[in-house]
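Chemist: No letters, just coordinates:
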């Protein structure tokens with residue numbers, strides 16, 4: 001393994017332009033593919049063989065109108081101060097709003113707060129439960145707009161309207177947490193290496209690896225049913241392991257340069273030593289994640305396999321693209337150190 005990785009590191013170092021061009025072509029291809037042939041992720045979570053899943057299946061069979069696993073929304077009405085929901089036009093206003101909800105897109109059923117006793121004892125607060133025919137991820141923008149319009153109409157009538165439930169929430173996406181993590185990693189790497197150039201390489205490898213993995217997973221949604229959490233977990237794990245693996249190799253490469261080795265020899269030795277640790281660490285993580293397949297829960301299987309794929313891409317980037325970039329940087333990776341007395 002060490003001999004093969006040594007040769008691979010030397011090859012990527014010498015043929016750096018070829019390796020870089022190949023990676024650019026791959027990124028361009030998967031980027032185009034993700035934008036043209038991607039499908040939808042799923043929010044469904046099933047537990048085959050459990051009593052709860054059997055109950056949901058039975059509800060689907062006997063009461064399909066109930067939409068047992070569909071999205072839901074709760075709309076809460078509060079009467080103006082000093083009034084009740086039975087006084088004035090409050091009751092008729094709420095009944096009109098409930099009727100409007102029943103005609104909204106994708107709605108399966110709406111509970112009548114008066115008929116179902118969903119009114120507080122003092123008569124100041126009531127709520128209705130809205131069940132949708134589709135899951136949370138499939139709730140359309142028009143359906144969410146209808147909810148907002150009902151709330152606005154209720155506010156104009158003098159009522160206080162609040163909404164909750166998974167149908168109200170927007171689709172989950174990548175928030176600022178990942179960007180904050182990258183910033184923290186950048187500061188840590190600068191402190192570790194004392195060099196902006198050396199610290200930037202692991203981050204660059206992580207961005208390339210995660211980008212390629214997420215784009216490929218996006219393409220895979222056109223063929224496979226994939227949980228909506230799969231790309232998110234792949235992104236998180238991909239960032240973590242890609243930075244670590246590149247950090248090992250860059251650190252060893254700098255150590256070999258300090259010992260007086262030529263850059264190509266240093267790249268070969270870095271991959272032959274630290275690269276072996278990267279391969280075995282990556283395989284360990286991939287096997288552990290792939291072990292989720294034995295559980296038999298479809299959503300967890302796709303999450304585990306997607307994360308394992310992201311780790312595999314991170315290993316491939318560290319073993320091929322990183323030595324090519326080291327070939328471009330050469331001994332300059334030792335320059336630009338941020339030195340202080342401490």
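Modeler: Structure received. A quick note: this is a predicted structure, and the numbers were derived from the prediction, not measured. Numbers count the residues shown, from 1 in each chain.
Chemist: and stretch 289-299, which residues are buried?
Modeler: 289, 292, 297-299 (16 or more other CB atoms under 10 Å). Where C-beta positions appear, they are placed from N, C-alpha and C, glycine not excepted.
Chemist: and it, how far apart are its ends?
Modeler: With CA to CA, to the nearest Å as the measure, stretch 289-299 spans 13 Å from end to end.
Chemist: Tell me how far that stretch lies from the chain's centre.
Modeler: Its chain's C-alpha centre and that of stretch 289-299 lie 18 Å apart, by CA atoms, centre = their mean, to the nearest Å.
Chemist: for the record, mean pLDDT for it?
Modeler: Stretch 289-299 shows a mean pLDDT of 81 in the predicted model.
Chemist: what does stretch 252-266 give?
Modeler: 87.
Chemist: cool, and stretch 153-163?
Modeler: 89.
Chemist: what residues does that stretch touch?
Modeler: 73-80, 89-90, 93-94, 97, 100, 147, 150-151 (CB atoms under 8 Å, 6 or more residues apart in numbering).
Chemist: Okay, buried residues for that stretch please.
Modeler: Buried residues in stretch 153-163 (16+ other CB under 10 Å): 154, 157, 159, 161, 163.
Chemist: how distant is that stretch from the center of its chain?
Modeler: Distance, stretch centre to chain centre, for stretch 153-163: 35 Å (CA atoms, centre = their mean).
Chemist: now do the same end-to-end measure for it.
Modeler: End to end - CA to CA - stretch 153-163 spans 13 Å.
Chemist: Now do the SS call for residue 131.
Modeler: strand (DSSP: H, G, I helix; E, B strand; the rest coil).
Chemist: what's across from it in the sheet?
Modeler: Beta-bridge pairing of residue 131 under DSSP bridges involves residue 72, residue 109.
Chemist: Let me see the confidence value for it.
Modeler: 85.
Chemist: Quick check: it vs residue 262, distance?
Modeler: 69 Å (CB to CB, to the nearest Å).
Chemist: quick one, which of those two is more surrounded?
Modeler: In terms of neighbours (other CB atoms under 10 Å), residue 131 is the more surrounded of residue 131 and residue 262; the figures are 20 against 12.
Chemist: pretty sure the more buried one contacts residue 102?
Modeler: No: using CB atoms under 8 Å, residue 131 is not in contact with residue 102, being 10.9 Å away.
Chemist: Now the common contact residues for those two.
Modeler: With CB under 8 Å, 6+ apart as the test, residue 131 and residue 102 both reach 109-110.
Chemist: how does this protein divide into domains?
Modeler: 2-34+174-334, 72-164 (automatic domain parsing).
Chemist: Dump the ones you listed to TSV, plus distance to residue 40.
Modeler: Shown next, in TSV, are the domains of the chain (distance: least, CB to CB, whole Å):
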stretch	distance to residue 40
domain 2-34+174-334	7
domain 72-164	7
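Chemist: before we move on, back to that, looking at the buried residues of stretch 153-163, which are in helices?
Modeler: Counting by DSSP state H, the part of these found in helices is residue 154.
Chemist: So which residue is smack in the middle of the chain?
Modeler: Centroid-nearest residue in the chain, with CA atoms, centre = their mean: residue 232, separated by 1.5 Å.
Chemist: Let me know the distance separating residue 100 from residue 250.
Modeler: Residue 100 is 61 Å from residue 250, by CB to CB.
Chemist: Columns distance to residue 119 on top of the buried residues of stretch 153-163, output as a markdown table?
Modeler: Output for the buried residues of stretch 153-163, formatted as a markdown table (distance: CB to CB, whole Å):
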| residue | distance to residue 119 |
| --- | --- |
| 154 | 15 |
| 157 | 17 |
| 159 | 13 |
| 161 | 15 |
| 163 | 18 |
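Chemist: Go through the buried residues of stretch 153-163 and name the one nearest residue 202.
Modeler: residue 163 (44.0 Å; CB to CB).
Chemist: Can you find the helix or strand in the protein with the smallest mean pLDDT?
Modeler: helix 51-62 (a mean of 63; mean pLDDT, DSSP states H and E).
Chemist: and residue 222, that one's in a helix?
Modeler: No: read with three-state DSSP, residue 222 is coil and lies in no helix.
Chemist: Could you check how far it is from residue 33?
Modeler: 9 Å.
Chemist: do residue 97 as well
Modeler: 45 Å.
Chemist: before we move on, what about residue 159?
Modeler: The value you get for residue 159 to residue 33, if CB to CB is used, is 50 Å.
Chemist: Same check on residue 287?
Modeler: 28 Å.
Chemist: go on, residue 130?
Modeler: For residue 130 relative to residue 33 (CB to CB), the value is 38 Å.
Chemist: These two - which one has more neighbours?
Modeler: Neighbours per residue (other CB under 10 Å) separate residue 130 from residue 33, with residue 130 holding more: 28 against 16.
Chemist: Fine by me, we can end here.
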